[in-house]
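Student: I'll drop the sequence and a predicted model, then ask my questions.
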Amino acid sequence: MEITVRHGDSLSYYSQLFTISLPLIIDSNPKLHLDQLPIGQKIIIPGFMVKDYQIQQNDTISTIAQKQNLPLDGLYLVNPEINPDHLQTGQTIHIPQRITERVVQGKQNYDYRVLKKDLKRLQQIYPFIRVSAIGQSVLGREIPEVRIGNGDKKIHYNGSFHANEWITTAVLLTCLNDYLLSLTNQTPMGGVETPRLYTETSLSLVPMVNPDGVNLVLHGLPDNERWRTRVLELNQGSLDFTGWKANINGVDLNDQFPANWEGERARNQKQPGPRDYGGKKPLTEPEAIAMAELTRQRDFSKVLAFHTQGEEMYWGFENLEPPESETIVQEFSRVSGYAPVKNIESYAGYKDWFIQEWRRPGFTIELGNGVNPLPLEQFDKIQQQALGIFLAGLCM
Ligand SMILES: [Zn+2]
């Protein structure tokens, strides 16, 4: 919602008036010089939208404010032209409306288009989040990253490294939406006061590492004739892509990282295909390269990679993980009921590489139980469990 600065206004006044914390207003207006607000300057108030209202007989500006449960000055701010002594029946005025419902509908076939649409909408309502691209997929889709918070503790979450685990994207976007609602409505989330999280942490979220793979699983072959032939060949002529984990080149992106990559190769596929082929060498695929570059640039203190399925969490890699990894995973287990597993015979994953290179906590979270792609009937249950982990990851 946009308002216009008047004489004597300040950001802290807006913060009080709309009960939106000051850091959220400041970060929603990054181009602003805080020392002086020029009169006439447009300011965005996050977490609100403006709806139209038609003046009815006997309405006064204060009865409208009362009925809508709004401070009177909030009405004046979005109706700078209004003359309270000359309201006309039928005249349309603006009403600020606090947003209290999710815009993300996670319980659907959550493909790349839905993701882009939801990110755009969230960015409009909550402009204190920053959305950018970390790189492009093989088919040229931009891989979005969302950043939220202005704290020193840098944390990273990602989803859909594996194509047929696309429900992880829907779960992460829903958790993000809940976090944003909690911040702007100042309602605790799972007992946690989130404004503190916003100023203490910076969350980096890459909700769909493998957009080409996700769209292949959800919609079948790509349009381009050359790719259709190639992908069909990799899938042994079958049009059923429910077992597809890889990117569109048939490379498993979570087998691409230089962390005992040879060990993974020895036990895995030697040719491109739907799953478990780690490429000719580490980091050949643009999606894996983009993730590696992001991670090298950002100095994350902790990373969580969301996968399905098994209701388990992998937290070790060759004893290189720090002692706090165990403390953290126990908290994740407490809030989700998922089982901590230190080591499995698997290498070259993103979290393996993160632990190896930085000796900091890295986790693979296996959401839900069943056969991938997990059915949407599980969505609400999985989302609840994931939300506990999402929050604990920010708190710990
Ligand atoms: Zn996976």
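Tutor: Arrived safely.
Student: for the rest of this, base every contact and every neighbour count on C-alpha atoms.
Tutor: OK.
Student: next, count neighbours for residue 321.
Tutor: Residue 321: 22 surrounding residues under other Cα atoms under 10 Å.
Student: tell me who's in contact with it.
Tutor: Neighbour list for residue 321: 315, 355, 356, 359, 360, 361, 362 [criterion: Cα atoms under 8 Å, 6 or more residues apart in numbering].
Student: list the contacts of the fourth one.
Tutor: Okay, so that is residue 359. Each residue near residue 359 by Cα under 8 Å, 6+ apart is listed here: 320, 321, 322.
Student: around the ion, pick out the residues from this structure.
Tutor: 162, 307 (Cα under 5 Å from the ion).
Student: quick one, longest helix in the chain?
Tutor: helix 167-185 (DSSP state H).
Student: what mean pLDDT does that one have?
Tutor: Across helix 167-185, pLDDT averages out at 98.
Student: give the contact list for residue 10.
Tutor: Residue 10 touches residue 37, counting by Cα under 8 Å, 6+ apart.
Student: hmm, back to that, so which of the contacts of residue 321 are in helices?
Tutor: The helices, defined by DSSP H, take in 355, 356 from the contacts of residue 321.
Student: return the member of the contacts of residue 321 nearest to residue 106.
Tutor: Closest approach to residue 106 among the contacts of residue 321 (Cα to Cα): residue 362, at 25.6 Å.
Student: what's the separation between that closest one and residue 42?
Tutor: Distance of residue 362 to residue 42, computed by Cα to Cα, to the nearest Å: 42 Å.
Student: neighbour-wise, which of those two wins?
Tutor: A side-by-side neighbour count of residue 362 and residue 42, using other Cα under 10 Å, places residue 362 first with 31 against 16.
Student: list the residues that contact the more buried one.
Tutor: By Cα under 8 Å, 6+ apart, the residues touching residue 362 are 302, 303, 304, 315, 316, 321, 325, 351, 352, 354, 355.
Student: quick revisit: could you dump the longest helix of the chain to CSV, C-alpha only?
Tutor: Output of helix 167-185 as CSV, limited to C-alpha atoms (Å, rounded to 0.1, in the frame of the first residue of the first chain):
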residue,chain,number,x,y,z
ILE,A,167,6.3,-30.5,-3.2
THR,A,168,9.2,-29.1,-1.2
THR,A,169,8.9,-25.8,-3.2
ALA,A,170,5.2,-25.5,-2.3
VAL,A,171,6.0,-26.2,1.4
LEU,A,172,8.8,-23.6,1.5
LEU,A,173,6.8,-20.9,-0.2
THR,A,174,3.9,-21.6,2.3
CYS,A,175,6.4,-21.4,5.2
LEU,A,176,7.7,-18.1,3.8
ASN,A,177,4.2,-16.7,3.4
ASP,A,178,3.4,-17.6,7.1
TYR,A,179,6.6,-16.0,8.2
LEU,A,180,5.7,-12.8,6.3
LEU,A,181,2.2,-12.8,7.8
SER,A,182,3.6,-13.3,11.3
LEU,A,183,6.0,-10.3,10.8
THR,A,184,3.4,-7.9,9.4
ASN,A,185,0.6,-8.9,11.8
